[in-house]
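Asks: Sequence first, then the predicted structure, then my questions.
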Amino acid sequence: QKEVEQNSGPLSVPEGAIASLNCTYSDRGSQSFFWYRQYSGKSPELIMSIYSNGDKEDGRFTAQLNKASQYVSLLIRDSQPSDSATYLCAVKRGTGFQKLVFGTGTRLLVSP
Amino acid sequence: GAGVSQSPRYKVAKRGQDVALRCDPISGHVSLFWYQQALGQGPEFLTYFQNEAQLDKSGLPSDRFFAERPEGSVSTLKIQRTQQEDSAVYLCASSPGQGFHYGYTFGSGTRLTVV
């Protein structure tokens, strides 16, 4: 079992719809969770972080965390074609050296 | 600097050649990380520095890979006797500290192609 799992997609949504991206993790000691966006040929860019159970909103983005279910998600409201990218979920453990462990990413395609 | 700077942007190496990849982190960032990203995959951890100390090198795939950060700023990832399986994008990232709440800022990466 991979430490961080994501559906590779592609996830296709029409412009203006809500895109829902999901991620599960295996280490119950994980303490912090990050979503990165990566455009083709570019490097990952941090868009959201979340540490506590519940929702965290930032503009069109909402991160959701459920530690009991070991599940984290990213909602993108009013999706735009410019949101088309790969979304990487990353997790930090709570103890010791806290490297970020990444999933393989979900490719999102937003059609006009 | 304003961001994490990596050079070269692209590198083509003949199999068996040695290569050196450079990373200049954000000024004041004590933590520096190297990741390897294969096509269609997420970044995979290689090694971590806190200032000049290499605290974790558990992700380095073989003893052909070596990293250093002698003065706690610029870092170099060296790959000796390159093999085709080393072809990937090498990403450098930095963060202000080691706390759980810190995300990483990535550089633009070096795309290594071994022919």
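Replies: Structure received. From a predicted model like this one, the values you see are computed outputs, not experimental measurements.
Asks: Check the spacing between residue A:4 and residue A:80 real quick.
Replies: Distance check for residue A:4 against residue A:80: by CB to CB, to the nearest Å, it reads 26 Å. C-beta here means a position set from N, CA and C on the backbone, and glycine is covered the same way.
Asks: nope, residue A:24 is what I meant
Replies: From residue A:24 over to residue A:80 (counting by CB to CB), the distance is 27 Å.
Asks: Run a quick neighbour tally on the residue of chain A found nearest chain B.
Replies: Closest to chain B within chain A is residue A:102: 3.6 Å, counting by CB to the nearest CB. By the criterion of other CB atoms under 10 Å in any protein chain shown, residue A:102 has 24 neighbours.
Asks: cool, the one 5 residues further on as well?
Replies: A count of neighbours around residue A:107, defined by other CB under 10 Å, yields 20.
Asks: show me where pLDDT drops low in chain B?
Replies: Judged against pLDDT under 70, the low-scoring parts of chain B cover residues B:1.
Asks: Between residue A:4 and residue A:80, tell me which one has more neighbours.
Replies: Here residue A:4 and residue A:80 are set side by side on neighbour count (other CB under 10 Å), and the busier one is residue A:4, at 22 against 12.
Asks: excluding its backbone neighbours, what's nearest the more buried one?
Replies: Excluding the flanking residues, the one nearest residue A:4 by CB to CB, 6 or more residues apart in numbering or on different chains is residue A:103, at 3.9 Å.
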